[in-house]
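Engineer: Need a 3D model of the sequence below.
(6 chains)
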There are 6 protein chains.
Amino acid sequence: MIMDMRTPRANSDTRPYYVATGDEEKIFKAAFRQGLSILLKGPTGCGKTRFVEAMAHDLGRPLITVSCHDDLTTADLVGRYLLNGNQTQWVDGPLTRAVREGAICYLDEIVEARQDTTVVLHPLADHRRQLPLERLGVTLEAAPGFCLVVSYNPGYQSVLKDLKDSTRQRMVALEFGFPSPQVEEGIVATEAGIAPAQAEKLVRLGQAIRRLENGGLREVASTRVLIAAGRLVAEGLTLTQAARAAVAGPLSDDARVSDGLNKMIDVYLGG
Amino acid sequence: MIMDMRTPRANSDTRPYYVATGDEEKIFKAAFRQGLSILLKGPTGCGKTRFVEAMAHDLGRPLITVSCHDDLTTADLVGRYLLNGNQTQWVDGPLTRAVREGAICYLDEIVEARQDTTVVLHPLADHRRQLPLERLGVTLEAAPGFCLVVSYNPGYQSVLKDLKDSTRQRMVALEFGFPSPQVEEGIVATEAGIAPAQAEKLVRLGQAIRRLENGGLREVASTRVLIAAGRLVAEGLTLTQAARAAVAGPLSDDARVSDGLNKMIDVYLGG
Amino acid sequence: MIMDMRTPRANSDTRPYYVATGDEEKIFKAAFRQGLSILLKGPTGCGKTRFVEAMAHDLGRPLITVSCHDDLTTADLVGRYLLNGNQTQWVDGPLTRAVREGAICYLDEIVEARQDTTVVLHPLADHRRQLPLERLGVTLEAAPGFCLVVSYNPGYQSVLKDLKDSTRQRMVALEFGFPSPQVEEGIVATEAGIAPAQAEKLVRLGQAIRRLENGGLREVASTRVLIAAGRLVAEGLTLTQAARAAVAGPLSDDARVSDGLNKMIDVYLGG
Amino acid sequence: MIMDMRTPRANSDTRPYYVATGDEEKIFKAAFRQGLSILLKGPTGCGKTRFVEAMAHDLGRPLITVSCHDDLTTADLVGRYLLNGNQTQWVDGPLTRAVREGAICYLDEIVEARQDTTVVLHPLADHRRQLPLERLGVTLEAAPGFCLVVSYNPGYQSVLKDLKDSTRQRMVALEFGFPSPQVEEGIVATEAGIAPAQAEKLVRLGQAIRRLENGGLREVASTRVLIAAGRLVAEGLTLTQAARAAVAGPLSDDARVSDGLNKMIDVYLGG
Amino acid sequence: MIMDMRTPRANSDTRPYYVATGDEEKIFKAAFRQGLSILLKGPTGCGKTRFVEAMAHDLGRPLITVSCHDDLTTADLVGRYLLNGNQTQWVDGPLTRAVREGAICYLDEIVEARQDTTVVLHPLADHRRQLPLERLGVTLEAAPGFCLVVSYNPGYQSVLKDLKDSTRQRMVALEFGFPSPQVEEGIVATEAGIAPAQAEKLVRLGQAIRRLENGGLREVASTRVLIAAGRLVAEGLTLTQAARAAVAGPLSDDARVSDGLNKMIDVYLGG
Amino acid sequence: MIMDMRTPRANSDTRPYYVATGDEEKIFKAAFRQGLSILLKGPTGCGKTRFVEAMAHDLGRPLITVSCHDDLTTADLVGRYLLNGNQTQWVDGPLTRAVREGAICYLDEIVEARQDTTVVLHPLADHRRQLPLERLGVTLEAAPGFCLVVSYNPGYQSVLKDLKDSTRQRMVALEFGFPSPQVEEGIVATEAGIAPAQAEKLVRLGQAIRRLENGGLREVASTRVLIAAGRLVAEGLTLTQAARAAVAGPLSDDARVSDGLNKMIDVYLGG
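Structural biologist: Residues are numbered from 1 along each chain as shown, chains lettered A, B, ... in the order given. Sure thing, here's the model as predicted:
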């Protein structure tokens, strides 16, 4: 099935495609061995998820990922009672499963979650490494190998949605940015299955957009949108068609900004 | 039964009436083959729903549509436990059904939904193509043919209701506008079952209203309201009666604006 | 039982008392035959409910009415599971019943409802005429004869409570005002069972109050309050007593405004 | 039991102590015979509840009273399903009981209730006299004798909490104020069981406080607090002690205002 | 067990330690005999709870206390259905128990409760002395001896959290302040088990703090914190240590204010 | 298992590593013997949790810790009914367990909880030492040895989230700050397992950051982050690498502030 080829997964035999850009792998593994929790900061689409998949592969631990959101309750993480036959039965949530199995638990976009979700992590994130399950009346000790990893995008932070200092100071932080042009060209060519020359053109466009900063964009073109453009090219679209649909379209709804992006696409990819 | 004739449906043998206005069909199909998610932008009543129905027909996939709203929960999309006999039983939501069956899942007016609904789409919309069902403790791989399509109307967007960049950058975007007069005349005549000359008059009225822009209207006359006017004409009403009820009435409650619209109706359709 | 005489009902043999003031009956019936949805606009107490009752009678369709409010949920319209014995059993809501039986479903004061209620109407209100029952996992096709009618009072509309354009443009609109003096006198005399001369006096008072516009009243005297005054007269109260209790009392709590209304009552009805 | 003597009740043989101050009894009974709904306006403690109890006695109808509040739901009024054995069973709410039994249903302080509570009253308050029970799928016709009475205090009304015009115009309104001194003295002496001379002093104090208007009080001394003061006097307290505890204490927490009230008490009741 | 000695309780044989400071006992008992409800006003920690315990002892009535808060629902006071075996069973709340048993029901800090909690008290607090249990469909008459007592702290009141006039005017009010120095010294010495000279010093400190008024404190030192300081002294701490922990610590987090308090402690208790 | 060595726990044989910095142990134990409740104030990561663990060890009492958050309900603390077989069964919450067993109950970050959580503590925190379980209809007397301890961080307090005076004045307060350099060096060396010279360098960095105060940091470097840096050093990272990840990363997302912190790291730890 063609899609399976394109979607490498944690827990599989092949290491997910991730190229280190600094000492992030070394620090992750040191923190893991010390049982410390880890905070990944960086913009959307720069490869944080891939990084965690690669680390889980290297360390031989299962990876359990939770995408956080406004309505994620503590019960969604920890577990709840469900009616089964004529008895209520406890069903572990993903965090509890990770604590029992010694898995890496990755909470993506943690600031989206309500504060109760982050506070329940406190005894797990500090020296105690415990998860109190109030509704069961027990406290679990985290199994060896359990590691809590959370990510967030500092660009999104507002006064209302921020990580409390008491949470932050329970974690070791790693900062992520976009890869260098050479590395990014390799990623785009590999992931999209297109020629290096085409990938180079798309990356040059991405770099130019990232230099705009104050051009009316909230976020710049991520590696992810460049790969998406490449995949449309692989299906026979022109570079210009692909970049309009996969890069300019997602970045803005503002007519003036879109015009500007489309002109850049013509300059960098046209002809 | 006369009504069945007028309501072409996806999954049926006839292709829904849709006329391409650019490369939107080509890009949709390329994204579909690559397993990429698709974002449709455009004003109300311009044909986005028809377009998805036509694509589902061409690609031979079932189409599952969900109209999003403020109170749509993740459970509404993904599924929930229901009591059956004396056991709780899991019932798949429409998104889960689409993931299992490899259907096209169309989330109409996605920005109306709460953020948890959009965040649950993240692992499904990116390279992972996975739907974690936390309450079942399993993660589904999307079946081949599954394609996530979402739509929204940029004109409605506010600071409070907007699509997050981390969601947008997981999608390929297609922009929709109203069709050209010739194409629109064909649509109105066909859908309403009226004479081309009548359809032409209604479309000329619609074009004139769309040129007003700052005339106190939040939205302009869509193809949909022109068809509705045509259908009242098909029942024996005059063009003027039909346009007052189906075009002017829905567009504004403001007396001054309504007067202006009614005068335009007299000019374009009267006599 | 005297009350039954005074409360004509839809589905009964007698046509509810309604006098057309324009082409509203013709347009309603044309839209009905085309399966289009209908939006009734107008002030409180001007006869919108009676109009729908009369149309249901003429078209021979059952009428199902729902008074909308802030807490009306989609489930209240569509249906829900209820526990019955030791099984949960689905119970249709009024909208679903109307869809299955081909009834006219009248949602009174639609803008009071939450947006999820209006969005669930979209696939039903447009060419699809479908009601997706997510919780049952099925999509119902509306039976022939089903017709969606909604009403609202443009005078109440605020930025917060307004009908979305995507909802409005799925409907044909009919505007209602108060009837002409002659027609209104007939209505008041008939409904209240009083002499034409008395009805004429009450209607002249109502007309005078409607001309005040900026006299501190949010709404003017409706046909409904004139009928109520007439009914108190039929019980032996004087015109002045009746109008103070049934017209001035409901219209304002402001002492200065009430004084003004009472003076008008003395002028028009006194002596 | 001494308390039973002091608490006359509706449905008992004795008419509750109520002295008419105008044509309110005549209008109430005319509206009742016509099946019209009734709106009582007036300040707290002026006798609205007693008036309804007296009317219920005169008309020989049971009286069902509901004190409205922010969290009163439609289900609280109309009824709900409760689990009984292994079946859910419908239990009528007070409004539904009144509709079935032809009782007077008195909704005290209606503006405190949420809008859904008032909107559910619409088909019951107008010519239809129907209560749709959506969850049962049936519509009840009100039994003869059913009468809807609501009360509110215009002094409390704010922009947020107000009765909608569409609700008000479905009702006949009666305005209440405090009784004349002579009548009030009789009420205080009778209800508290004290000498007429003592009641006269308390009423003169009450009159004086009511003339203050802008003395920092939100509400003035009601007949109810004068009766309470009288009852403390009946237990052997001095007029001054009683009025400080039962009149000044409840009226204000502001030190300056309390001082003023206590000085008035000394002037009117001291020595 | 040493703690039992220190915690006198209502319903026990010993009268709780309470010294009257005015006619509050006389008024409470008169109101009780008349079946009137009672409102206690006063700052935190001035002895309101003790007063009610003493009154319950003197009148030989059981005392049922409820600490009110934001999330206290009417059901928490009145009762609810609970599933028991395969039947739902009604369980009385504390207010209902008090109504049935003729107990004194003390609602502490009533303004913290939601308005529905206060409105449910209305028919109980006025001449009716009735508690309607809507969900059971019955109305209870309060047993002889039932007495409703509520307390609140006027210092906390805001526009948002205030007792409605219609509630206040159903009650007799008693105002509480801190006791005179001599009385307070006796209380502190007795409750903490320390020498009168030590108690005198603590009370002099408390008096000085109460004179500050505008020194940045929201509330002044209550009798309660002076007793707590005394109890630490009884365990061997110095007066200064005890007052810093039990008086200054609870009163403020502001560094400048804390410094001021600690200097006062040195002046009044040091050396 | 290496992690168990690093995570000393309450209730175990070894006393948790805590070094007193004043009379906090003496006051805690005096308050405990008197049955008084205790309020711990101080910044995040300064050792409040360790202090409570040490006190529980010294006093030989079990320790039950609850991390408070926005969504913690009274039921989460006190207990709730759960369905078991075909009966509902009461399950004690952590506070109730502590009350029954005479344990120390530690509510961490109490201001995060809703007010109902703090108000339910009132009868437990004052002379009554009672926990009313409304839903069971019983009131528990706290077993000897029960002690309520709450903590909060005054730096987080806002107008919206603050401890009420009526709660504060029921408690004895202890203020915490960071330990002296010598003590802190010992803690860092012991907890991280690194050389004293390395610990000294990290503590000097921490001291320097704490002197910044207005450098754009909401909170300063806690002892906890210095230990985390030490643990990364123990895994072979350089002091600079470790401090960037464990100190600078968690403290700020602001580029300018981060630069400043990294320069300080170079100055204090580099070379």
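
Engineer: From now on I want contacts and neighbour counts done on CA atoms only, so please keep to that.
Structural biologist: OK.

Engineer: So what would you say the end-to-end distance of stretch A:210-226 is?
Structural biologist: Start-to-end span of stretch A:210-226 (Cα to Cα, to the nearest Å) is 12 Å.

Engineer: Give me the mean pLDDT for it.
Structural biologist: Over the span of stretch A:210-226, the pLDDT mean works out to 79.

Engineer: Contacts made by the helix or strand A:Glu184 falls within with the rest, please.
Structural biologist: Under DSSP states H and E, the secondary-structure element containing A:Glu184 is helix A:181-192. Surrounding helix A:181-192, the residues in contact under the criterion Cα atoms under 8 Å, 6 or more residues apart in numbering or on different chains are A:6, A:19, A:178, A:194-196, A:198-200, A:203-204, A:207, A:223, A:226-228, A:230-231, A:234.

Engineer: count of residues packed around A:Ala248?
Structural biologist: The local packing of A:Ala248 (other Cα atoms under 10 Å in any protein chain shown) involves 24 other residues.

Engineer: picking that back up, pull out the buried residues from the contacts of helix A:181-192.
Structural biologist: The neighbour-count test (16 or more other Cα atoms under 10 Å in any protein chain shown) marks A:6, A:19, A:178, A:194-195, A:198-200, A:203-204, A:207, A:223, A:226-228, A:230-231, A:234 as buried among these.

Engineer: hmm, stretch A:250-261 touching chain B?
Structural biologist: Yes - contact between stretch A:250-261 and chain B, assessed by Cα under 8 Å from any Cα of the partner chain, occurs at A:250-251, A:253.

Engineer: Tell me which residues of that stretch come out buried.
Structural biologist: Burial within stretch A:250-261, assessed by neighbour count using 16+ other Cα under 10 Å, is assigned to A:250-253, A:257-258, A:261.

Engineer: Can I get these in TSV including secondary structure, distance to chain E and pLDDT?
Structural biologist: Compiled in TSV, the buried residues of stretch A:250-261 are given as follows (DSSP: H, G, I helix; E, B strand; the rest coil; distance: Cα to the nearest Cα, whole Å; pLDDT from 0 to 100):
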residue	secondary structure	distance to chain E	pLDDT
A:Pro250	helix	44	90
A:Leu251	helix	44	89
A:Ser252	coil	43	85
A:Asp253	coil	42	84
A:Val257	helix	46	86
A:Ser258	helix	47	87
A:Leu261	helix	51	92
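
Engineer: and of those, the nearest to C:Val138?
Structural biologist: Nearest to C:Val138 among these, counting by Cα to Cα, is A:Pro250 at 33.0 Å.

Engineer: what residues are up against that closest one?
Structural biologist: Contacts of A:Pro250 were listed using Cα under 8 Å, 6+ apart, and they are B:165, B:168-169, B:171-173.

Engineer: I'd like to know which of these are part of strands.
Structural biologist: Of the positions in these, B:171-173 sit in strands, assigned by DSSP state E.

Engineer: Next, format the residues you listed as JSON lines and append neighbour count.
Structural biologist: JSON lines is the format used below for the ones in strands among the contacts of A:Pro250 (neighbours: other Cα atoms under 10 Å in any protein chain shown):
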{"residue": "B:Met171", "neighbour count": "27"}
{"residue": "B:Val172", "neighbour count": "28"}
{"residue": "B:Ala173", "neighbour count": "28"}
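
Engineer: how about these in a markdown table, adding distance to A:Arg97 and pLDDT?
Structural biologist: Conversion of these to a markdown table gives the following (distance: Cα to Cα, whole Å; pLDDT from 0 to 100):
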| residue | distance to A:Arg97 | pLDDT |
| --- | --- | --- |
| B:Met171 | 31 | 92 |
| B:Val172 | 35 | 94 |
| B:Ala173 | 37 | 93 |
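
Engineer: on that earlier part again, need the next SSE after the helix holding A:Glu184, C-terminal direction.
Structural biologist: Using DSSP H and E, the helix or strand that follows helix A:181-192 in sequence is helix A:196-212.

Engineer: That following helix packs against which elements?
Structural biologist: The helices and strands touching helix A:196-212, judged by 3 or more Cα pairs under 8 Å, 6 or more residues apart in numbering or on different chains; DSSP states H and E, are helix A:181-192, helix A:223-234, helix A:239-243, helix A:255-269.

Engineer: quick check: angle from it to helix A:223-234?
Structural biologist: Interaxial angle, helix A:196-212 versus helix A:223-234 (axes from the mean of the first three to the mean of the last three Cα atoms, to 10 degrees): 140 degrees.

Engineer: tell me which of the ones in strands among the contacts of A:Pro250 is nearest to F:Glu109?
Structural biologist: Each of these was checked against F:Glu109 using Cα to Cα; the closest is B:Met171, at 41.0 Å.

Engineer: B:Ile38 is in contact with that closest one, correct?
Structural biologist: Yes - the pair B:Met171 and B:Ile38 passes the contact test of Cα atoms under 8 Å, sitting 5.2 Å apart.

Engineer: mind listing what the closest residue to A:Tyr268 other than its chain neighbours touches?
Structural biologist: For A:Tyr268, the nearest residue in space outside its immediate sequence neighbours is A:Leu205; the separation is 6.0 Å by Cα to Cα, 6 or more residues apart in numbering or on different chains. Listed by Cα under 8 Å, 6+ apart, the contact set of A:Leu205 reads A:264-265, A:268-269.

Engineer: could you measure A:Leu205 against B:Arg168, distance?
Structural biologist: Taking Cα to Cα as the measure, A:Leu205 and B:Arg168 are separated by 18 Å.

Engineer: middle-most residue in chain A, spatially?
Structural biologist: Note on chain A: the residue nearest the mean C-alpha position is A:Thr49, at 3.5 Å, using Cα atoms, centre = their mean.

Engineer: Distance check, that one against chain E.
Structural biologist: 40 Å (Cα to the nearest Cα, to the nearest Å).

Engineer: possible to save the contacts of A:Leu205 as a markdown table with neighbour count?
Structural biologist: Formatted as a markdown table, the contacts of A:Leu205 follow (neighbours: other Cα under 10 Å):
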| residue | neighbour count |
| --- | --- |
| A:Met264 | 16 |
| A:Ile265 | 25 |
| A:Tyr268 | 18 |
| A:Leu269 | 18 |
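
Engineer: Look at the closest residue to A:Leu95 other than its chain neighbours and tell me its secondary structure.
Structural biologist: What sits nearest to A:Leu95 in space, not counting adjacent residues and going by Cα to Cα, 6+ apart, is A:Leu77, at 5.2 Å. Judged by DSSP: H, G, I helix; E, B strand; the rest coil, the three-state class of A:Leu77 is helix.

Engineer: A:Leu77 contacts A:Pro94, correct?
Structural biologist: Yes - using Cα under 8 Å, A:Leu77 and A:Pro94 qualify as a contacting pair, with a distance of 5.6 Å.

Engineer: So between those two, which is more surrounded?
Structural biologist: Taking neighbours as other Cα under 10 Å, A:Leu77 and A:Pro94 compare with A:Pro94 leading, 24 against 21.

Engineer: OK, contacts around the more buried one?
Structural biologist: Going by Cα under 8 Å, 6+ apart, the list of residues near A:Pro94 reads A:64, A:66, A:76-79, A:105, B:134, B:137.

Engineer: Also A:Glu25?
Structural biologist: Residues near A:Glu25 by Cα under 8 Å, 6+ apart: A:Met55.

Engineer: got it, and A:Val203?
Structural biologist: With contact set as Cα under 8 Å, 6+ apart, A:Val203 has these partners: A:181, A:184-185, A:188, A:226.

Engineer: ok, back up a step: can you add distance to E:Arg15 and give the buried residues of stretch A:250-261 back as JSON lines?
Structural biologist: What follows is the buried residues of stretch A:250-261, written out as JSON lines (distance: Cα to Cα, whole Å):
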{"residue": "A:Pro250", "distance to E:Arg15": "75"}
{"residue": "A:Leu251", "distance to E:Arg15": "75"}
{"residue": "A:Ser252", "distance to E:Arg15": "75"}
{"residue": "A:Asp253", "distance to E:Arg15": "75"}
{"residue": "A:Val257", "distance to E:Arg15": "79"}
{"residue": "A:Ser258", "distance to E:Arg15": "81"}
{"residue": "A:Leu261", "distance to E:Arg15": "83"}
